[in-house]
Each structure stands twice: as C-alpha cells, then as structure tokens.
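>>> sharing a model that was predicted from the sequence below.
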Amino acid sequence: MLTFVASILLLLAGYFIYAKVVERIFGINDENQTPAYSHNDGFDYQPMSWWRASLIQLLNIAGLGPIFGAVMGALYGPVAFIWIVIGCIFAGAVHDYFSGMMSVRHKGAQYPTIVGKYLGNNVARVINLLSIALMILVAAAFTAGPAELIAQTTPLTFFTALIIIFAYFLVATMLPVHKIIGRIYPILGAVLIFMAVSIGVGLFFFENPVPNLTVSNLHPGELPMWPLLMVTISCGAISGFHSTQSPILARTLKKESEGRKVFYGAMIAEGIIALIWAAAGMAFFGSTGGLQAALDAGGPAGVVNEISSTTLGTFGGVLAVLGVIILPITTGDTALRSSRMMLSELLTKKDAEEAVPGKLKSALIVFVVAAPAFYLSTIDYNFLWRYVGWSNQVVATVMLWTGAVYLLQKQKFHWICSVPALFMTAVVSTYIFYAPEGFALPYDVSMVIGGIIWLAVLGWFITQVVKNKSVKRTRRSTVATEAS
C-alpha cells in the first residue's frame, strides 16, 4: 500500500512542480488572444471556463482507457506503478500539454497540420492517414463493447445497439461544442472521477493489501515487460489519442495560462485513475494469476464490474455498467469529431482558421469516417484493440518529436520532449516487430531491429540539432556584420 500512496503523491508533485517547469519552457503569454476569441464561430471555437474544459478533456482522453489498460497492465505487478508515474509526468502530460498549447499557438490547428509545420509535409501525409485510421479504430473499439453490454442487459440486439450509438455520434458530432459536450460531458467526467475515488478509498478495506514495489515481472503468461507494458498501459501513462483530442479544447481556452490545468492537469488526473485501477486489479484478486483468471472469464469489463459491485454494492454495480456503456461512447463521439476537423483541414488544404466547411460538407465528412468505424465495430474486439495500441503510441511518439523540433527552432530546452520521444521511439520500433499483430519475430531479433531504427532516428535528430546551431550562428554573424 505504501508504494501506491507514494505514487499518488508523486503524480501530484508532478503537476505542482514539473508542470510549471514545462509551462515556463514553453513560454505562455496571457496577452495573446486565444483562438476561442480570434476565431469564435459559435461551433468549434467557443470560449469555455477552464474547469469545464478540464473535465471535458479528462473525459475525452480517458473514457475507459485508464481503467481497462491499467487492469490489463496490472498483470505485470507493481512495476506498472513505475511506468504510470514516470510515463505520466515526463511523457504523457508533456505530450498532452504540447499538443494542446501548440494548437492554441497555431489558431486551433489539428495534430497533423502541426506535425506538417515542424516535421515536413511527407510526415504530415503519413500521420494524417494514421491519425484518421486511429480515430476510426478507436470509434469502433469503444463502440463494440458498450453495444455488446447493451445487448446483454436489454432486449435490444447488438446490431440495433450499434445503430443507436452511431446515430448519436452523427448528431453529436454535427452540433456546436457547447451544446452536448459543453453541458453533459463535464458531468460524465465527474462520474469518472467519482468511480475512481470510490475504488481508491475501497482499496484500504480490501482483504488483500495493494502489493508494494518490486521490479520483478509477475505476468502469469511470462510476457516480456519491455515493450509490452508501455503499449498495454497507454492511457494513464502516454497516449497518442490525446493529441487528436487536445485541439478540441484548444479552441475553447480563454487564456494560455489555463493550458497547464486543462492539458497537463487532465493527464495527471488520468494517471491517478490508472494507478487506482491497476492497484485494484493487483489487490482484489489476490495475485496476478487470479487477475488473469478473472480476465479470461469476463474480460476487463467483467473485472471492473466485479470490483465495483463488491466494493460499492448494488450502486457500484449500476455505476460500473453505466460507466462501461457511457464512457466509451463519449470517446467514440469525440474521436469522430476530431476526425471531422482533421479531414476538413486536409481536404481544404488550408490552416485551421480557413477550414470551416458548410454543414452538408461536414455531414459528408462525418459519414465517410463513421461508415468504416461502424463496419469494424462488428468484428472481433480484441483484434481491434491490438491495432489501436501500437498506432496510438506511434502517434504519441510523432507528437513528442514535433514538440522537440518546435522547442529546438525556438531555441528552448528541447530535452523535455526529445528524451521521452527517444524512449517511445524505442518502444514502438521494438513492439511492431515482436507483437503478434506485427511481424511476430523472435524477441532478440525484434530488439536488434528496434535498436537499429532507434539509432537512425537519433541520428536524424542530431542532424536537426546541428542544423539549428548552424542557423543560429549564421544569424548571429549577420547581426554582428550589420551592427559593424
């Protein structure tokens, strides 16, 4: 239990200390007019209070991600706490802050547009396709589960439930941000927090205490910790999906100083939620073997339902069912909304402030994205989730490199982005060659190939550093010549 409490305190310290360091390096200026005012259209660009935006951001980036992923990551044992804490403070929250604040600085631009400005158009083209594919996969994966649970608990069939959910998606995505998202989602964000806090208090009354720290790999299936743990627990540590969601709220900030609360703060809150559910998964079933048996029997949804019902009684069971149904649907909704924004910028080939399509065009864009998501939601959920994991972390890695190059060009301390970017490059490069949904190569071979890719990316970034220094020297020389 001591490790769990210490981990919570470290996350809080990360917000109150390291977040201010990140904010200072980025360099906020409340005199700058935010896109919410400069491009107010009453639709996507709309001023919103920071506390409301924070709750919406938490709901958008979280859903059931920090619950399901943390429960599955708990199979590795208390070492998962290390990844959640370090990953959240130094990678995930930094990633979220830069994806949000760079969008604010670029007039509410979407993630692929920002990537193109700093990593080039070729990378932007690839990341456009990958990001939209990720949105489709997320919408499908986060719809299949709720539809299945609705079919199990109501007279509705699975297919009928899917139709109802996607009908809601189409309506909600086409409404102004303050109509549904601004009014209802803060309440649902509070529900997510209430669930986590309730389970967190209940942890102190479990029959088995939360195990203290060990770096041993306790996975019953003896799966390697590196790099699988870093992909299994994405929400709660670092998740590329967040970089597609942050621009939604970047268009609502009233001033730049609110970014630390909305972007960095929401990620820390998600990290705490992930810690609570990881701890619950380790303690409730007595061992990682017991957790594995529970996952085999009912999947992560069954585990969440069992923990909630036992800890909080009937009310907890109802809350868990509602959470498993409602929270993923809200994630699917905002995934399609961000897809509409990304495709709008892509199709118009203009910046965010000029990419405002008419209602008919917007509806067509949403339909184009929703159609494949609807189809994919009818196939195997586990298949979908495997591909969500890797593509999600690739998107996160590219966003960190974008932040690193941005800081490099601004002649600021790039290490806050480049170090976690290097770490995540190693993760995704190794994972795709080892994982069954990738090339399924032997572990040693995957490590070697991943290491070669990592060295190549490191070499690329070193050339960027050298090039930047050369430009800086040239500018100084020019200024000195003009002065003389």
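The structure has been received and is ready for your questions.

>>> so where does the residue nearest to residue 376 when sequence neighbours are not counted fall, helix or strand?
Distances taken as CB to CB, 6 or more residues apart in numbering put residue 140 closest to residue 376, at 3.7 Å, once the chain neighbours are dropped. For glycine as for every other residue, the C-beta is placed from the backbone atoms N, C-alpha and C. Following DSSP states H and E, one finds residue 140 within helix 121-153.

>>> now do the next helix-or-strand element following that helix: distance to the chain's middle.
The helix or strand immediately downstream of helix 121-153 is helix 158-174, counting by DSSP H and E. Its chain's C-alpha centre and that of helix 158-174 lie 23 Å apart, by CA atoms, centre = their mean, to the nearest Å.

>>> for the closest residue in space to residue 48 that isn't next to it in sequence, which residues are in contact?
Excluding its sequence neighbours, the residue lying closest to residue 48 (CB to CB, 6+ apart) is residue 252, at 3.9 Å. Applying CB atoms under 8 Å, 6 or more residues apart in numbering to residue 252 gives the contacts 36, 45, 46, 47, 48, 53, 177.

>>> do the same with residue 87
230, 233, 236, 237, 238, 271.

>>> what about 6 Å?
Contact partners of residue 87, counting by CB atoms under 6 Å, 6 or more residues apart in numbering, are 237, 238.

>>> dihedrals phi and psi, residue 234?
As for residue 234, its main-chain torsions (degrees, to the nearest 10) stand at phi -100, psi -60.

>>> burial of the closest residue to it other than its chain neighbours, as a residue count?
Spatial nearest neighbour of residue 234, excluding adjacent residues (CB to CB, 6+ apart): residue 392 at 5.4 Å. Residue 392 is flanked by 26 other residues according to other CB atoms under 10 Å.

>>> residue 392 against residue 242, yeah?
No. With contact defined as CB atoms under 6 Å, residue 392 does not reach residue 242; the gap is 9.3 Å.

>>> and stretch 147-157, which residues are buried?
147, 148, 149, 150, 151 (16 or more other CB atoms under 10 Å).

>>> average pLDDT across it?
For stretch 147-157, mean pLDDT is 81.

>>> repeat for stretch 429-444
94.

>>> what about that stretch, how long is it end to end?
13 Å (CA to CA, to the nearest Å).

>>> so the closest residue to residue 438 other than its chain neighbours is in which element?
Spatial nearest neighbour of residue 438, excluding adjacent residues (CB to CB, 6+ apart): residue 432 at 4.0 Å. Using DSSP H and E, residue 432 maps to helix 415-434.

>>> what helices and strands are in contact with the following helix or strand past that helix?
With elements assigned by DSSP H and E, the helix or strand that comes after helix 415-434 is helix 443-483. Helices and strands touching helix 443-483, by 3 or more CB pairs under 6 Å, 6 or more residues apart in numbering; DSSP states H and E, are helix 415-434.

>>> between helix 443-483 and the helix it packs on, find me the angle.
On the basis of axes from the mean of the first three to the mean of the last three CA atoms, to 10 degrees, helix 415-434 is oriented at 150 degrees to helix 443-483.

>>> ok, residue 35 - contacts?
45, 107, 108, 251.

>>> give me the three-state assignment for the closest residue to it other than its chain neighbours.
Distances taken as CB to CB, 6+ apart place residue 108 nearest to residue 35, at 3.9 Å, with adjacent residues excluded. Each residue gets one of three states, and residue 108 gets coil by DSSP: H, G, I helix; E, B strand; the rest coil.

>>> for residue 214, same thing?
Classification of residue 214 by three-state DSSP places it in coil.

>>> for it, grab the count of nearby residues.
Around residue 214 there are 11 residues (other CB under 10 Å).

>>> what number of residues lie near the residue nearest to it when sequence neighbours are not counted?
Excluding the flanking residues, the one nearest residue 214 by CB to CB, 6+ apart is residue 78, at 5.5 Å. As a burial measure, residue 78 scores 22 neighbours (other CB under 10 Å).
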